[in-house]
Structures are given as structure tokens and as C-alpha cells.
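In: structure here, sequence nowhere to be found:
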């Protein structure tokens with residue numbers, strides 16, 4: 001069996017490193033690497049492949065808004081839809097608690113690690129275990145997941161996504177472009193978020209600061 005593997009990262013050196021590790025696994029594979037969300041989209045939609053067995057993705061990459069891809073998570077959801085049996089690995093830089101929660105809830109990848117956790121041996125183990133059908137999460141990711149249980153009662157998924165978007169510099173008027181809420185609904189939720197964070201009056205910077213204090217981001 002020949003595994004069809006897709007590598008997506010905006011740094012060529014990183015995808016080249018993944019190729020070397022996969023080669024050392026000595027598995028029969030056909031590897032395609034691309035270095036942008038646009039190229040990944042074109043490959044997935046235009047190649048008409050019957051299957052992609054494994055995708056290794058970065059979360060943070062330049063947006064491809066013409067194809068509704070804001071990050072690697074959007075690409076992963078597209079891959080899950082087109083190839084239901086695909087195994088997905090996220091290897092990314094720092095993943096804050098809201099981003100991590102969103103990835104797990106919407107994608108539930110078979111592998112999830114931060115790049116700072118990795119060296120050659122751990123990448124090798126990661127790929128080997130996922131190819132063998134296991135799930136791999138790095139120690140740092142597991143620690144963040146455990147810490148993330150705090151505040152789940154008060155902050156539902158939409159409140160969390162609003163805070164995440166604010167922390168990424170998205171203005172309030174543009175938030176409805178990212179989540180299914182009207183602008184008035186966003187304003188109402190921001191008021192609720194401020195109450196939950198004990199902010200009597202303040203701006204987006206205050207929301208970000210107080211959210212960090214209690215570990216939401």
C-alpha cells in the first residue's frame with residue numbers, strides 16, 4: 001500500500017525536514033509538499049485524488065480568503081470533508097488555549113504538537129504512531145488541554161471565538177465575517193464577556209489582558 005501524504009507549511013525547510021523523517025520511516029509513500037494555503041487548496045480541489053491518507057499541517061499561515069481559508073484549521077476541515085478517513089497532524093507554533101480548543105472540537109486531529117516540543121526523534125515517533133493508527137499529543141499540548149477545562153462553564157464556544165479573534169487583531173465590525181453572528185449579537189456578547197471578566201469599562205486590550213490572566217488565551 002502506498003500512502004498518499006500531503007505536507008503544508010509556509011516554510012520550505014520545515015516540509016523538507018518532514019520529508020526526511022518520512023523517508024527514514026521506510027514506508028511506501030507518495031509525498032506532496034506545498035507552502036501556502038492557496039497551493040494546498042488547488043492541490044486538493046484540482047488533483048481529483050481518490051484519497052489522501054495523511055496530511056501534516058501548520059495552523060498559522062498567510063490567509064487565502066478567496067478560498068475561505070484563514071488558517072490551517074480551515075484547510076483541515078476541508079480535508080476531513082473530502083477525505084473522511086484521512087489522518088491529520090497539526091505541527092504549529094504556540095497554540096493558545098482558544099486555538100487549541102477550536103482545533104480539537106472542529107478537527108480532532110490524530111497528531112497535535114507545538115514545534116517547540118519537537119526534535120528529530122520526536123517527529124519520527126509522532127509520524128510513526130499516527131501512521132500506525134495511534135493518537136499523539138505532545139506534553140505541552142496535553143498540559144494546555146488540561147488547563148483549558150477552567151472557565152468552560154462560563155465561556156461558550158462563540159464567546160471563546162470572539163476573544164480569540166480580538167486577540168488576533170480582528171476588529172469588532174469584521175468579526176461577523178468569521179463567525180455566524182450579526183454585528184449587534186457580537187456587541188451583546190462582548191458586553192457579556194466584559195461582565196464575566198469583571199471589566200466595568202474598557203476596550204479590546206482589557207479583554208485580552210483579563211482573558212490571559214485566567215488562562216483563556
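Out: That came in fine, so what should we check first? This structure is a prediction, so every number in the text was calculated from the model and none was measured.

In: show me the shaky parts of this structure.
Out: Residue ranges of the chain with pLDDT under 70: 146-154, 214.

In: domains for it, by residue range?
Out: Listed domain ranges for the chain are 3-147, 157-212 (source: automatic domain parsing).

In: between the two ends of the shortest one, how far is it?
Out: End-to-end distance of domain 157-212: 17 Å, with Cα to Cα, to the nearest Å as the criterion.

In: could you pull out the helices in the protein for me?
Out: 12-24, 37-46, 72-82, 97-106, 120-131, 139-147, 157-167, 183-196, 204-213 (DSSP state H).

In: give me the contact list for the fourth one.
Out: Right, the one you point to is helix 97-106. 59, 73, 76-77, 90, 95, 109, 112, 141, 144-145, 147-148, 157, 160-161, 163-164, 167, 215-217 (Cβ atoms under 8 Å, 6 or more residues apart in numbering). For every residue, glycine as well, the C-beta is placed using N, CA and C.

In: for the helices of the chain, give me JSON lines that also has mean neighbour count and distance to residue 1.
Out: Converted to JSON lines, the helices of the chain look like this (neighbours: other Cβ atoms under 10 Å; distance: least, Cβ to Cβ, whole Å):
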{"stretch": "helix 12-24", "mean neighbour count": "15", "distance to residue 1": "15"}
{"stretch": "helix 37-46", "mean neighbour count": "18", "distance to residue 1": "21"}
{"stretch": "helix 72-82", "mean neighbour count": "19", "distance to residue 1": "19"}
{"stretch": "helix 97-106", "mean neighbour count": "19", "distance to residue 1": "28"}
{"stretch": "helix 120-131", "mean neighbour count": "17", "distance to residue 1": "11"}
{"stretch": "helix 139-147", "mean neighbour count": "14", "distance to residue 1": "29"}
{"stretch": "helix 157-167", "mean neighbour count": "20", "distance to residue 1": "38"}
{"stretch": "helix 183-196", "mean neighbour count": "15", "distance to residue 1": "48"}
{"stretch": "helix 204-213", "mean neighbour count": "16", "distance to residue 1": "46"}
